[in-house]
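>>> build the 3D model from these lines:
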Amino acid sequence: MSKFVQLSVCIVFMVWGSIFKSKAQDWPNLKRYAEANAQVDSVYAKENRVVFMGNSITEGWVNSDPDFFTKNNFIGRGISGQTTPQMLLRFRQDVIDLNPMAVVILAGTNDIAGNTGPMTTTQIFDNMVSMVELAEANGIVPIVSSILPAAKYPWKPEVDSVGPILELNTMLKYYCEGKGLVYLDYFSEMVDDINGLPEALSYDGVHPTDEGYQVMEPLALTAINEALKD
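Numbering: from 1, shown residues only. Below is the predicted model:
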């Protein structure tokens, strides 16, 4: 092999290596809240903190009603598009290290949509259980939320959302009952007759509007109060 060919091959591998590395970096998006986490003690009271862990639904909630979070000492840690394996990887820095009394976990719908690849309901459930176990091992009270109804995913219309959501919510509900955990049931209070989010509560059938979050807020407060009453 000539030196020119050797050099060309090396350049190709270097380019592909650089592309792969750039795409593979920070898959769980640890940088998203790194700066905010470093400042959390100066922004939030150290007592009675609650972290809301989730995806775009949680992230959008903070944007929709920031006062709800501020006045209740709630910390929003939602990242748009995320799935449970990504949340599991950032659970320590975005939940445990913030020293909350409780964590409200709302996840799973992006897993069903296949945002980071195909996943079974059992795999999604197992990741949720792992987050619960991490919280409990660190003295944090876990509150498990139902997946919100979604008749169809606009970005993945070919995916069956209804069946897996119903199955996962049933699994999570019975898991919480068996463990004595609080199950935060948004689904039953928001579902329409086709197992989706009604137009009055969502702008795309997946993400809540301001009105949708107004339905969720008292449910979350009740669940948190119940979980922390002891």
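>>> please pull out the lowest mean pLDDT helix or strand from this protein.
None of the helices or strands of the chain scores lower by mean pLDDT, DSSP states H and E than helix 3-24, at a mean of 45.
>>> what's the first helix or strand after that one?
helix 34-38 (DSSP states H and E).
>>> check which residues of the host helix or strand of residue 178 are buried.
Assigned by DSSP H and E, residue 178 belongs to helix 162-179. Under the neighbour-count criterion of 16 or more other C-beta atoms under 10 Å, helix 162-179 has 162, 164-169, 171-173, 175-176 buried. Backbone N, C-alpha and C define where each C-beta goes, glycine included.
>>> and it, what does it pack onto?
Judged by 3 or more C-beta pairs under 8 Å, 6 or more residues apart in numbering; DSSP states H and E, the packing partners of helix 162-179 are helix 109-113, helix 121-137, strand 141-145, strand 182-184.
>>> reformat the buried residues of helix 162-179 as TSV; add distance to residue 90 and pLDDT.
Shown next, in TSV, are the buried residues of helix 162-179 (distance: C-beta to C-beta, whole Å; pLDDT from 0 to 100):
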residue	distance to residue 90	pLDDT
162	29	98
164	23	98
165	24	98
166	28	98
167	26	98
168	21	98
169	24	98
171	23	98
172	21	98
173	26	98
175	22	98
176	23	98
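>>> return the member of the residues you listed nearest to residue 73.
Nearest to residue 73 out of the buried residues of helix 162-179 is residue 176 (C-beta to C-beta; 23.9 Å).
>>> would you confirm that the closest one contacts residue 185?
No. Residue 176 is beyond contact range of residue 185, at 9.7 Å (criterion: C-beta atoms under 8 Å).
>>> tell me how far the residue most central in space within the chain lies from residue 168.
Taking C-alpha atoms, centre = their mean, the centroid of the chain lies closest to residue 54, which sits 2.1 Å from it. Distance of residue 54 to residue 168, given as C-beta to C-beta, to the nearest Å: 15 Å.
>>> and residue 227, by the same measure?
Counting by C-beta to C-beta, the gap from residue 227 to residue 168 is 20 Å.
>>> enumerate every residue touching residue 214.
Going by C-beta atoms under 8 Å, 6 or more residues apart in numbering, residue 214 touches residue 65.
>>> any idea how far residue 207 is from it?
Residue 214 is 14 Å from residue 207, by C-beta to C-beta.
>>> same question, residue 190
Residue 190 sits 12 Å away from residue 207, going by C-beta to C-beta.
>>> give me the below-cutoff pLDDT ranges for this structure.
1-24, 230 (pLDDT under 70).
>>> the same query, at a cut-off of 50, please.
4-22 (pLDDT under 50).
>>> for the helix holding residue 178, output the C-alpha coordinates as CSV.
Extracted in CSV, the C-alpha atoms of helix 162-179 (Å, rounded to 0.1, in the frame of the first residue of the first chain):
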residue,chain,number,x,y,z
VAL,A,162,-52.8,3.4,23.0
GLY,A,163,-52.2,-0.3,23.8
PRO,A,164,-48.7,0.2,25.3
ILE,A,165,-49.8,3.2,27.4
LEU,A,166,-52.7,1.2,28.8
GLU,A,167,-50.5,-1.7,29.5
LEU,A,168,-47.7,0.3,31.2
ASN,A,169,-50.1,2.3,33.3
THR,A,170,-51.6,-0.9,34.6
MET,A,171,-48.1,-2.3,35.4
LEU,A,172,-47.1,0.9,37.2
LYS,A,173,-50.3,1.1,39.1
TYR,A,174,-50.1,-2.5,40.5
TYR,A,175,-46.4,-2.0,41.2
CYS,A,176,-47.1,1.0,43.3
GLU,A,177,-49.9,-0.7,45.1
GLY,A,178,-47.6,-3.7,45.9
LYS,A,179,-44.9,-1.4,47.1
